[in-house]
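# Output the structure for:
(5 chains)
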Amino acid sequence: MSDNAGTSKKSSMDIASVIGLTLAVFAILGGQALEGGNVGSILQPTAALIVLGGTFGACLLQFPLSVTIASFKSIMKAFLEPKTNNGAVIQEIIRLANKARKEGVISLESDAQQITDPFLKKALTMAMDGVEPKVLRETMELEISNLEEESEEPIKFWQAAGGYSPTIGILGAVLGLIHVMENLSDPSKLGSGIAVAFVATVYGVGLANLVYLPISGKLKIKSRSHLIAKEIMLVGVISILEGENPRLIDDKLRSYLSRKEQEEQTESNTAKQRKAA
Amino acid sequence: MSDNAGTSKKSSMDIASVIGLTLAVFAILGGQALEGGNVGSILQPTAALIVLGGTFGACLLQFPLSVTIASFKSIMKAFLEPKTNNGAVIQEIIRLANKARKEGVISLESDAQQITDPFLKKALTMAMDGVEPKVLRETMELEISNLEEESEEPIKFWQAAGGYSPTIGILGAVLGLIHVMENLSDPSKLGSGIAVAFVATVYGVGLANLVYLPISGKLKIKSRSHLIAKEIMLVGVISILEGENPRLIDDKLRSYLSRKEQEEQTESNTAKQRKAA
Amino acid sequence: MSDNAGTSKKSSMDIASVIGLTLAVFAILGGQALEGGNVGSILQPTAALIVLGGTFGACLLQFPLSVTIASFKSIMKAFLEPKTNNGAVIQEIIRLANKARKEGVISLESDAQQITDPFLKKALTMAMDGVEPKVLRETMELEISNLEEESEEPIKFWQAAGGYSPTIGILGAVLGLIHVMENLSDPSKLGSGIAVAFVATVYGVGLANLVYLPISGKLKIKSRSHLIAKEIMLVGVISILEGENPRLIDDKLRSYLSRKEQEEQTESNTAKQRKAA
Amino acid sequence: MSDNAGTSKKSSMDIASVIGLTLAVFAILGGQALEGGNVGSILQPTAALIVLGGTFGACLLQFPLSVTIASFKSIMKAFLEPKTNNGAVIQEIIRLANKARKEGVISLESDAQQITDPFLKKALTMAMDGVEPKVLRETMELEISNLEEESEEPIKFWQAAGGYSPTIGILGAVLGLIHVMENLSDPSKLGSGIAVAFVATVYGVGLANLVYLPISGKLKIKSRSHLIAKEIMLVGVISILEGENPRLIDDKLRSYLSRKEQEEQTESNTAKQRKAA
Amino acid sequence: MSDNAGTSKKSSMDIASVIGLTLAVFAILGGQALEGGNVGSILQPTAALIVLGGTFGACLLQFPLSVTIASFKSIMKAFLEPKTNNGAVIQEIIRLANKARKEGVISLESDAQQITDPFLKKALTMAMDGVEPKVLRETMELEISNLEEESEEPIKFWQAAGGYSPTIGILGAVLGLIHVMENLSDPSKLGSGIAVAFVATVYGVGLANLVYLPISGKLKIKSRSHLIAKEIMLVGVISILEGENPRLIDDKLRSYLSRKEQEEQTESNTAKQRKAA
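Below is the predicted model of the structure:
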């Protein structure tokens, strides 16, 4: 446990995200099939071109290229589960605190080398370098606020996509209706023409509500949990530096966990103590 | 009274919630019947599949599984009445304050064991353990902010559901209309086809406005009252620890009650005093 | 003047509210009549049932019963004019300040009994009881924040009603259209069927924009003026307690008045002084 | 310059406002004419009655009569240009500061009489009366916050009108459509009936977006510039009272100007110095 | 490097903006062409007159003329890339700090003359003039807040345009439909009439979502990066004035960079040191 500081990104799936998207797509397509509609009739490459091209064109105009790329990468984060195990982060901090108590703060130098989380590593290395707690706190807080700002960019990107998509879907529908209206001479094609036009609305509204906006929301929740982990690391390292009692540090850090995490944490501790005994 | 600290969750119904939902459903169905419409004609399993599947698919993609489960459980809270009787909470605090005055703070140790509210129990136990008021306050305030964050999750969940539902209802209607438009050859079925398509809108708009959003609002109001109870407990325990006069504690805590609760409280006290006399 | 502290609720009408509602209703009905439409044709009990039942069902589900009742009572407040005459409040405070200067603070004991405003009475009684200014301020500020919270409840209620009403109007229209679409066999009734369906939209949009939302806005403005009166009373009583010069108190309290109120106040004072002379 | 303190309200037109409204109206009517439509066909007194009556009925119900009157008067402000020349305000303050330096603060007594701006006059008079800077600041800051609140009222009024107008336009259209639907027996009149109904939408949407909302925005911008002038006057008078160096006062006050105003100010000063030389 | 302080505005294109707008326009026109629609049929000067005239009429009514002109100029900023290279700004500050260390602060006088960035020049000149750090900070912070306010004006302008444009597009469509409805006598022209009417919606919705709103967003992101550069300059100059160690200044200023910029900065420094070696 000591080498990953509880932030090992187990690349297991985020079950809720996978079930959610599957459920939504099946409900729409299943409903379409049950009504006797041909699923193929809602596959219109032209509508897809207009809606996707318009939406991501607008997003590229609004956001820098780097943010756009980061936002597409962040989709993975919403589906894979880089779950920040904040309980494990605390256990690692406590282990370091106990060692510092027994063998002196300077004994953590070797641990600092082995830590994989860059934030914890930087904080601990600064502490080893004799940086004052006040300066350490200021520097690492700026680091946290940088991380926060960075993690907000994809959230804003997908929110913007969720805002542009339905209106561009309507734009596509109106363009389709204009085409239909200009060719009223052949009434037999009127219905299917309108049908084609409406598909753009389906794409625009569907992508916004079933993909872009929920992904933005999930990224927000994950980013928050990630930032709390950094907060725990910062408070923990400073407490170690100030020579606080490991038990008190444990009490203090645990209050950052949600009630559910606290219970898991307690169980895990009890299990550990049993093993130790 | 002493054993439940006024937070006994009487599982009586929340009358307003029950009347509200009943009234809304009857108004819609009754209106439908009065217009001579067949109530059965707005029962379309396909539309329900699209709207419910799409909405909860989007919600699952947005929220972790644990929040989704907690949100469904919270529906019960909106209909049953775990009314936090903040007046009774104060009476219990005052009882403890009086005992502490006469028999010493340490005499509350036995009371702490019998209290069922976990928050009050923890605060009192910490006080018995000799934790300093400042530390006790910090720890319990973090506890309150944890409770607050947790209780906001279902509120946000149902708000999100209330946001997705109408747009997915419109998505279902557009899908239905596409189906109708593709089969214009048989005009006799045009009307009923459109009717079926519109049912998805009814589901989406109705569920959002008559169920999801009002439930989110009711949970918000109940959560606020619940958090005030915790606030009262915290201020109360600290006041006891600092040996304040029970009468002054009573005055201070009562200012957390709404005017209506204050009146009930006064009446109840008067009744009690009469009994005592 | 001394016995009502300027808060006598003259139950004269709020002219703007009455004119406003009358103008709106006449414009709609007059327009309908001018177009040659039958006013009777927009009186549809079924549509009213759906829109009113749905809206207040949703509101009852969202708000506690007590808030619902208080909100209906508050409609009166929007139309009758319990105008808080903040100028008169100041005059009363100055009268008390002058008396306290000449005959000592304790001489206000008899005045405290006769004051009808419960807030001013409580503040003055506390002052007579020798409560310290700091404690008095804290207690009365909690009182003000309680009053504020209470007065916000009907504002939120009517805002929520203004949010639900148009969507439920649309729900009613869609239900009506479903009914029409299912009975296309008799085209002669098509038009009137659609007409009936649209009435639900008229009710939903009309009630929200011509009644619920404006009432919510008016209550907000009145509540603000009411809370300023309490603020004036609190600052006034504390200034008296601290033995400030009545002229300085007058200057300080007048800055809470709007420019228009200040002018009226000055005129009234001049008139008074002339009488006195 | 000394007698108007730079706030002389030159009643020249606000060119942007005049061009803006003219452009908007010409674009709409010109477009209508170019399409071959009769401009007369969008002049429907009934639609105007419904939309204007409904909108201002709702506004009267929401706002007190005095605010309604003030809001109509404020339209003038949006079109005429009472441009607060903040540069001139600073020059006047500096002139007073120089005089106070040479002839003593008391020498400003005669200037105070001649100043037309009521705010500057009151501040200077208080300073002459020997009021302490701290009290002067508090009093004048309350004055500024009163002015701010007052100037926000018409902004909110036109924003509310811009919110009600489109929905009431839709209400008018639905009422018109109901009328049309009830008289389907004469299909030849169907088209023109629908046309008449749609005019209400044109009025509602057009007035909101081309008049009410832009006026609200312009008033907001003008109010901000007006309040900055008062801020400059207050800081200036206090600096004079405290005997600061006129050059330092100039530097300090100029930082309240936008970059463009600063440049104009510098040019104007240079011109003045040339004249003086 | 010393003469431009890292703010040289390389007028290379902002690739994302160019790709974004191109993609959006091609998606819409390409989609239109693929559907077999004539691209010419969505070129309607009348619709353009109504939508553009109405939108910019409303904007002129809302904003002063100077803001309108500045907003049109700012479009260039969204497409050209005046990228504020904050890393280079820091390098320049560090160069000045090193010189000040070796040759005394006064030696920077000649550098101040050569700096092109007006903000850094003013700050350094004030420092040379012996202005106290506290006064320097206050003055330059007011300058930054002036710059911020100024850069927000075009952002608000394009946001307002993005708000007016779709509603005025709908206004144009309704006007077109009124025209069509009045001429139902010739059904053969019905379709193309409706088509023409719909083009106004395409313009209104398309310009708002593909041009106005994304440009507003891009300007916001660029303005933020520009203001951070000024912040870095201010903190840097004050640190130099207070004689801080250049290495510490470097550490402090780098925390204003995003993680990506920090990496580039480190690489660039390493490269430099190699050169120097």
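
# Which stretches in the stretch 51-200 of chain A count as helices?
Using DSSP state H, counting those that start in this stretch, the helices found in the stretch 51-200 of chain A span residues A:65-79, A:86-103, A:109-114, A:118-128, A:133-182, A:190-207.

# With distance to chain B, mean neighbour count and mean pLDDT as new columns, can these be given to me in CSV?
From N, CA and C alone the C-beta is placed, and that goes for glycine too. Compiled in CSV, the helices of the stretch 51-200 of chain A are given as follows (distance: least, CB to the nearest CB, whole Å; neighbours: other CB atoms under 10 Å in any protein chain shown; pLDDT from 0 to 100):
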stretch, distance to chain B, mean neighbour count, mean pLDDT
helix A:65-79, 8, 17, 91
helix A:86-103, 13, 20, 90
helix A:109-114, 28, 14, 86
helix A:118-128, 22, 20, 88
helix A:133-182, 7, 20, 91
helix A:190-207, 4, 23, 89
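
# quick one: A:L147 from B:T139, how far?
As judged by CB to CB, to the nearest Å, A:L147 and B:T139 stand 27 Å apart.

# Which one of the helices of the stretch 51-200 of chain A lies nearest to C:K99?
Evaluated with CB to CB, the helices of the stretch 51-200 of chain A place helix A:133-182 nearest to C:K99, the distance being 56.5 Å.

# Who are the contact partners of whatever residue of the stretch 1-150 of chain A ends up closest to chain D?
Nearest residue of the stretch 1-150 of chain A to chain D: A:A58, at 21.9 Å (CB to the nearest CB). Going by CB atoms under 8 Å, 6 or more residues apart in numbering or on different chains, A:A58 touches A:A160, A:Y164, A:I168, E:G20, E:A24, E:N209, E:L210, E:L213, E:P214.

# ok, the one residue in the stretch 1-150 of chain A that gets nearest to chain C - how many residues close by?
Closest contact between the stretch 1-150 of chain A and chain C, by CB to the nearest CB, is at A:E35 (15.6 Å). By other CB atoms under 10 Å in any protein chain shown, the residues close to A:E35 number 21.

# Quick check: phi and psi on it?
Backbone torsions for A:E35, taken as degrees, to the nearest 10, come to phi -70, psi 0.

# quick one: contacts for it?
Per CB under 8 Å, 6+ apart, neighbours of A:E35: B:T46, B:L175, B:G176, B:H179, B:V196.

# go with 6 Å
B:T46, B:H179 (CB atoms under 6 Å, 6 or more residues apart in numbering or on different chains).

# same thing with A:T139?
Counted by CB under 6 Å, 6+ apart, A:T139 has zero contacts.

# repeat for A:A160
Here A:A160 is in contact with A:C59, A:Q62 (CB under 6 Å, 6+ apart).

# What distance do you get for the residue lying farthest from the centre of chain A to E:S41?
Largest separation from the mean C-alpha position in chain A: A:S185, at 52.1 Å (CA atoms, centre = their mean). Using CB to CB, A:S185 is found at 15 Å from E:S41.

# mind checking how far the residue of the stretch 1-150 of chain A closest to chain D is from D:Q113?
A:A58 is 61 Å from D:Q113, by CB to CB.

# of the helices of the stretch 51-200 of chain A, which approaches D:P154 most closely?
helix A:133-182 (31.0 Å).

# Now do that closest one against helix A:190-207, angle only.
Angle between the axes of helix A:133-182 and helix A:190-207 is 180 degrees (criterion: axes from the mean of the first three to the mean of the last three CA atoms, to 10 degrees).

# what angle sits between helix A:133-182 and helix A:65-79?
90 degrees.

# next one: helix A:133-182 to chain centre, how far?
13 Å (CA atoms, centre = their mean, to the nearest Å).

# Check the stretch 101-250 of chain A for the residue nearest chain C and tell me.
A:G191 (16.0 Å).

# just checking, that residue touches B:L184?
Yes: between A:G191 and B:L184 there is a contact at 3.6 Å, judged by CB atoms under 6 Å.

# before we move on, the earlier item: backbone phi and psi for the residue farthest from the centre of chain A, please?
phi -60, psi -30.

# quick one: it from E:S188, how far?
Taken as CB to CB, the span from A:S185 to E:S188 is 8 Å.

# can you check A:A112 too?
Counting by CB to CB, the gap from A:A112 to E:S188 is 83 Å.

# Dihedrals phi and psi, A:M13?
phi -80, psi 150.

# how about A:A123, what does it touch?
So A:A123 contacts A:M140, A:V237 (CB under 6 Å, 6+ apart).

# A:K230 now?
Per CB under 6 Å, 6+ apart, neighbours of A:K230: A:F119, A:I144.

# right, and the helix or strand after the helix or strand where A:K222 lies?
Element membership for A:K222, per DSSP states H and E: helix A:213-241. Going down the chain from helix A:213-241, the next helix or strand is helix A:246-254, by DSSP H and E.

# How about that next one and chain B, touching?
No: judged by CB under 6 Å from any CB of the partner chain, helix A:246-254 stays clear of chain B, getting no closer than 7.2 Å.

# And that helix, what does it pack against?
Applying 3 or more CB pairs under 6 Å, 6 or more residues apart in numbering or on different chains; DSSP states H and E, one finds that helix A:246-254 contacts helix A:86-103, helix A:213-241.

# Please convert these to JSON lines, extending it with distance to B:I228.
Converted to JSON lines, the helices and strands packed on helix A:246-254 look like this (distance: least, CB to CB, whole Å):
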{"stretch": "helix A:86-103", "distance to B:I228": "28"}
{"stretch": "helix A:213-241", "distance to B:I228": "25"}
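
# For B:N85, which of these is the nearest?
helix A:213-241 (33.7 Å).
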